[in-house]
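*Asks:* coords please:
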Amino acid sequence: MQKESAMNIFENHLRKRDKRGDMRYAVRVPVITEEGEGIQERLLNYSADGCCITSPVVFRENDVLALTVPAWPETDGPALKIGRVVWRSARKGAPDRYGIKFCG
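*Replies:* This next block holds a predicted model:
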């Protein structure tokens with residue numbers, strides 16, 4: 001089975017504009033936070049300004065996170081993104097979802 005490149009994974013998913021007008025790319029790839037290293041966390045979508053992740057780790061609004069994405073689309077390799085938690089959606093029986101706004 002041939003491994004799909006990170007860029008293809010991102011390109012093959014839906015693209016849509018969010019309410020702020022940024023292009024938001026729907027994906028489902030691994031992401032690693034310092035607090036959750038070694039557990040399953042996922043990047044669900046991203047735009048120029050932020051992203052949505054799922055994690056079983058409980059974060060609070062305004063927590064600053066270092067997100068490592070092993071296969072970031074623009075580089076087709078690992079990337080480190082720093083962001084602040086701006087919202088949390090608790091879900092029964094599944095990891096919570098978090099809205100992250102990138103810093104800088």
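*Asks:* Can you check the pLDDT for Glu11?
*Replies:* What the model reports as pLDDT for Glu11 is 48.
*Asks:* can you tell me how far the residue nearest the centre of the chain sits from Pro56?
*Replies:* Centroid-nearest residue in the chain, with CA atoms, centre = their mean: Leu43, separated by 3.0 Å. Leu43 sits 15 Å away from Pro56 when distances are taken as CB to CB, to the nearest Å. (Glycine included, C-beta is placed from N, CA and C.)
*Asks:* before we move on, what about Gly38?
*Replies:* Using CB to CB, we find Gly38 at a distance of 11 Å from Pro56.
*Asks:* between the two, which one's more packed in?
*Replies:* Neighbours of Gly38 and Pro56, each counted by other CB atoms under 10 Å, are more numerous for Pro56; the result is 11 against 6.
*Asks:* Could you verify my assumption that the more buried one touches Ile39?
*Replies:* Yes: between Pro56 and Ile39 there is a contact under CB atoms under 8 Å: 6.0 Å.
*Asks:* Mean confidence (pLDDT) on the biggest strand by length in the chain, please.
*Replies:* For the chain, the strand with the greatest residue count under DSSP state E is strand 77-89. Along strand 77-89, the predicted confidence averages to a pLDDT of 94.
*Asks:* tell me how far it is from the chain's mean position?
*Replies:* Taking CA atoms, centre = their mean, to the nearest Å, one finds strand 77-89 lying 6 Å from the centre of the chain it belongs to.
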